[in-house]
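> dropping a prediction and its sequence here:
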Amino acid sequence: MNMRTDDPAVIEHRLLELAYTTDIPITAGALAYFAPCSLENAERVLDQLASRDRIRMDVGDDGTIKYELPNRHKLSPRPEAAPPPPVLAPQVVPPFALRNGREASPLLAAVLSLLVPGAGQLYAGNVVTAILWFLLVGAGYVLVLPGLFLHMVCIATAASAANRLNSTIMHTRMLPPGARARYHYPY
């Protein structure tokens, strides 16, 4: 929404924009609409410019006052600054993480982690996480109960890791062919 102004400098700037981007006759009403300002302020700015010989004032046979800018010609408006294109930064992904475009099975990841803690994470491409789960669950089994609890959490996170891998694969399938360079597996 345009706010009305009474600043002569702003009105003069809008007058120049009106004069050089349109072909309409310059009148106080046109300037007041385009600026936006009151008719009195538009007339005042136009009269001041006419008194300084910046523009010419012509009175038509019907009594309408039109103003003419010497050497007026239409210019193309300034192009709006285009937003920068989104940046897709290629990142290194272990080759086994994307599984050649095939989806990872959350059920298989859970079963693998059931058999060997961390194997499901390894299947989903998380090598460091797999090693940490193997060591953590192994240490937890020293006390039996914490080991069982940690093993269940390990199984659940393996299934979750496979789901995240699948969502990453789906995301890379939706990218344009030229942008499908290897992207970082976010988990």
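The structure has been received and is ready for your questions. Numbering: from 1, shown residues only.

> pLDDT below threshold where in the protein?
1-2, 73-80, 82, 84-102, 168-187 (pLDDT under 70).

> could you redo the last one with a cut-off of 80?
1-3, 70-104, 143-145, 165-187 (pLDDT under 80).

> can you show me the strands along the protein?
56-59, 65-68 (DSSP state E).

> packing partners of the last one?
Using 3 or more Cβ pairs under 8 Å, 6 or more residues apart in numbering; DSSP states H and E as the contact test, the elements touching strand 65-68 are helix 39-51, strand 56-59. Backbone N, C-alpha and C define where each C-beta goes, glycine included.

> same question for the first one.
Contacts defined by 3+ Cβ pairs under 8 Å, 6+ apart place strand 56-59 against helix 39-51, strand 65-68.

> who's in contact with the last one?
Which is strand 65-68. 25-28, 46, 49-50, 55-60 (Cβ atoms under 8 Å, 6 or more residues apart in numbering).

> how far away from the center of its chain is the helix ranked longest in the chain?
As assigned by DSSP state H, the longest helix anywhere in the chain is helix 145-174. On the basis of Cα atoms, centre = their mean, to the nearest Å, helix 145-174 sits 30 Å off its chain's mean C-alpha point.

> buried sites along it?
Within helix 145-174, the residues that qualify as buried by neighbour count (16 or more other Cβ atoms under 10 Å) are 147, 150-151, 153-155, 157-166, 168-169, 172.

> residue at max distance from the center of this protein?
In the chain, the residue that sits farthest from the middle, by Cα atoms, centre = their mean, is residue 61; the gap is 55.2 Å.

> of the contacts of strand 65-68, just the buried ones, ChimeraX syntax please.
In ChimeraX, a selection of the buried entries from those looks like this (16+ other Cβ under 10 Å):
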select :26,27,28,46,49,50,55
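
> do you know which of the helices and strands packed on strand 56-59 lies nearest residue 106?
helix 39-51 (69.3 Å; Cβ to Cβ).

> what helices and strands are in contact with that closest one?
helix 8-21, helix 28-34, strand 56-59, strand 65-68.

> if we use 7 Å, what do you get?
With contacts defined as 3 or more Cβ pairs under 7 Å, 6 or more residues apart in numbering; DSSP states H and E, the packing partners of helix 39-51 are helix 8-21, helix 28-34.

> which residue packs closest to residue 109, ignoring adjacent ones?
residue 120 (3.5 Å; Cβ to Cβ, 6 or more residues apart in numbering).

> list the contacts for that neighbour?
The contact partners of residue 120, by Cβ atoms under 7 Å, 6 or more residues apart in numbering, come to 109, 110, 112, 113, 155, 158, 159, 161.

> now do 6 Å
109, 110, 112, 113, 158 (Cβ atoms under 6 Å, 6 or more residues apart in numbering).

> for residue 117, same thing?
133, 134, 137, 151, 154.

> pick out the most distant pair among the residues you listed.
For these, and using Cβ to Cβ, no pair is farther apart than 134 and 151, which are 10.7 Å apart.
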